[in-house]
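Enquirer: Mind looking at a prediction? Sequence and model below.
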Amino acid sequence: MIGEILQELRKDRHLEQAELAEAFGVSRSTISSYEVGRTEPPIEILCKYASFFNVSLDYICEMTRDLPNTYSAGTQFELENKEIYPLSDFVKAMNFLSLPKRSHLIQHLNYLTQLELYEKKNKKPPKSK
């Protein structure tokens, strides 16, 4: 049942129905209706679920039980001090964060990425505001 998959995705990320409802622009009771099978979510909402949780619509519709393979479990990244961190640790940490904190972290990562690109292009950091 699609509702069970939707609930599983939400719970795996430690999200409350209200948090997911806010992210999708619907009410908490709407999320609850989807999860218990009282209401079938429209395709637009299913697409939001797929994008938000990084799964395919096939997965949500139970056409496949394979989770996305964007990163293998052994993918790692290295910091300048040569410490090695599994990417899966970062993904797990992101999934544990609340939606507002996850959004804040993504905004900060985007800023750091833009700063890095600017510094590489101009060989110096931009002036602070």
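Expert: Structure received.
Enquirer: right, and the helix or strand after the strand or helix carrying Leu20?
Expert: Of the helices and strands defined by DSSP states H and E, Leu20 is found in helix 17-24. Helices and strands here follow DSSP H and E; after helix 17-24, the next one along the chain is helix 28-36.
Enquirer: Quick check: the gap between the nearest residue to Gly3 once chain neighbours are set aside and Ile31.
Expert: If the residues on either side of it in the chain are set aside, Gly3 comes closest to Gly37, at 4.2 Å by Cβ to Cβ, 6 or more residues apart in numbering. Yep, even glycine has a C-beta here, placed from its N, CA and C like the rest. Counting by Cβ to Cβ, to the nearest Å, the gap from Gly37 to Ile31 is 12 Å.
Enquirer: Who has more neighbours out of these two?
Expert: Legend: neighbour count by other Cβ atoms under 10 Å for Gly37 and Ile31, higher for Ile31 (27 against 13).
Enquirer: so who does that one touch?
Expert: Each residue near Ile31 by Cβ atoms under 8 Å, 6 or more residues apart in numbering is listed here: Leu6, Arg10, Gln17, Leu20, Ala21, Phe24.
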